[in-house]
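In: Provide a 3D model corresponding to the input given below.
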Amino acid sequence: MSKQLNVWRKKHMRRLAAGIMACACSISLMGCGSAGSGAGSAGKDSGSAVADGAGTSGAAAEAGNDYHAELKLAHIMPIDHPNGMGAEEFARLVKEKTDGHVTVSVFPASQLGNEKEIFDAVEIGSIDFAIIGFGEPAKKYQDIGILDAPYIADDREHLVRILNSDAVYSMFDEMEEHMGARGIGAFYYGARYLTTKDKPVSGPEDMKGLNIRVPDQKLYIDTLTAMGAVATPMAFSEVFLSLQQGVIDGQENPLATIAANKFDQVQHYLIKTEHIMGANALYASTKTLESMPETYRTAVTEAAREASAWIDDKAFEAEDTYIRQLEDNGMEIIDDVDKEAFREMTAFIYDDFDQELVDKIRAVE
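Out: Okay, here's the model as predicted:
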């Protein structure tokens with residue numbers, strides 16, 4: 001039997017089971033008070049408040065007024081980060097589009113765990129939504145990690161077009177064959193800049209011998225090693241002190257992270273390598289989505305796409321602010337970087353991914 005038929009049968013049976021459960025709730029006249037067993041247990045007093053807003057979609061009239069779900073969204077960012085504000089915007093939109101029948105409580109700043117812990121919980125349905133990067137999903141579905149690959153996009157506007165392409169949403173569909181979650185929105189996080197204390201960098205020859213901290217993930221290690229640096233995996237909590245004491249020569253991160261953690265106090269050069277155009281995604285538990293009436297599920301996915309576009313705008317504004325702030329704080333910005341040389345040196349990383357997918361991504365203009 002073909003893989004496609006197996007996938008179709010699996011999804012069909014899950015939808016049938018969800019329909020039978022919904023009918024049972026209706027017959028019992030008890031209503032469905034949550035999004036499903038193990039999901040949507042957050043109360044109104046948990047996490048941050050969801051903004052008020054009158055519903056305009058008519059979703060309740062179509063799906064039935066007896067359905068209510070209180071869901072949870074977790075992420076690791078502070079509430080004033082574009083991702084944190086975007087989580088609140090998603091919650092507002094869900095409430096609006098479902099006439100208040102579905103509400104989302106937001107738990108920011110690692111309140112419910114780190115990225116791995118949050119994503120594991122989404123997979124089993126104890127957390128309904130998460131905003132994280134692609135690293136955790138890529139451990140089970142490698143191809144989605146292509147969105148973290150070096151020089152995948154020409155600039156941030158190009159990355160947003162890639163994130164909204166059919167190629168990416170096809171990967172989100174494919175996710176559910178590998179795990180109990182799917183992407184329902186993707187958005188710009190920030191281009192990764194290199195910083196150093198003593199040595200300006202404009203090309204590969206300047207990277208030789210530099211000890212650069214990277215996250216402990218293969219793609220980042222391979223990328224910085226290919227660029228010519230000594231890539232040094234290190235817990236993020238250790239980075240500032242290690243830079244201050246000269247244990248490492250530099251690090252690489254988006255501007256928001258560099259500014260928030262005051263790396264300008266221990267680094268002088270801000271180098272516009274933009275070697276990885278960072279993005280994050282909003283993931284939903286498959287268990288949560290399949291427990292919803294179709295009308296509400298559609299409302300949630302629409303809210304995710306709209307919130308993603310909202311985050312893009314906020315992230316662009318924040319990035320422009322951060323670079324001015326870091327320059328005002330004394331960092332010297334190096335714009336003249338030989339990105340083409342770095343692009344060529346890191347091109348082999350794409351060999352780890354499905355080449356048909358690579359071609360589809362590169363075809364997005």
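
In: pull out the buried residues from the helix or strand encompassing Arg161.
Out: If you go by DSSP states H and E, Arg161 is part of helix 156-163. Buried residues in helix 156-163, counting neighbours by 16 or more other Cβ atoms under 10 Å, are found at Arg156, Leu159, Val160, Ile162, Leu163. From N, CA and C alone the C-beta is placed, and that goes for glycine too.

In: skipping adjacent residues, who's closest to the second one in space?
Out: Setting aside the residues directly before and after it, Leu159 is nearest to Ala153 in space (Cβ to Cβ, 6 or more residues apart in numbering), at 3.8 Å.

In: which residues touch the one you found?
Out: Counting by Cβ atoms under 8 Å, 6 or more residues apart in numbering, Ala153 touches Leu159, Ile162, Met277.

In: for the first one, report the pLDDT, please.
Out: Predicted confidence (pLDDT) for Leu159: 98.

In: what do you get for the second one?
Out: Taken from the predicted model, the pLDDT recorded for Ile162 is 98.

In: is it true that it touches Ala363?
Out: No. When contacts are counted by Cβ atoms under 8 Å, Ile162 is not listed as touching Ala363 (9.9 Å).

In: pLDDT weak spots in this protein?
Out: Applying pLDDT under 70 to the chain picks out residues 1-64.

In: which one's the longest helix in it?
Out: Criterion DSSP state H: the longest helix present in the chain is helix 294-328.

In: next helix or strand past that helix?
Out: Using DSSP H and E, the helix or strand that follows helix 294-328 in sequence is strand 332-334.

In: tilt between the helix or strand where Leu93 lies and helix 294-328?
Out: Per DSSP H and E: Leu93 is located in helix 82-97. With axes from the mean of the first three to the mean of the last three Cα atoms, to 10 degrees applied, the angle from helix 82-97 to helix 294-328 works out at 150 degrees.

In: helix 82-97 packs against which elements?
Out: In terms of contacts (3 or more Cβ pairs under 8 Å, 6 or more residues apart in numbering; DSSP states H and E), helix 82-97 is packed against strand 69-75, strand 102-107, strand 129-132, strand 181-196, helix 294-328.

In: one more time with 7 Å, if that's ok
Out: On a contact count with 3 or more Cβ pairs under 7 Å, 6 or more residues apart in numbering; DSSP states H and E, helix 82-97 meets strand 69-75, strand 102-107, helix 294-328.

In: quick one: closest of the ones you listed to Ala149.
Out: helix 294-328 (19.4 Å; Cβ to Cβ).

In: would you mark the buried spots in the closest one?
Out: Across helix 294-328, burial judged by 16+ other Cβ under 10 Å covers 295-305, 307-308, 310-312, 314-316, 318-319, 322-323, 326.

In: for the contacts of Ala153, which one is nearest Ala226?
Out: Closest approach between the contacts of Ala153 and Ala226, by Cβ to Cβ: Met277, at 16.6 Å.

In: got a list of what the closest residue to Glu327 other than its chain neighbours touches?
Out: Leaving aside its sequence neighbours, Glu327 sits nearest to Ile333 (Cβ to Cβ, 6+ apart; 5.7 Å). Contact analysis of Ile333 by Cβ atoms under 7 Å, 6 or more residues apart in numbering lists Leu270, Lys272, Glu327.
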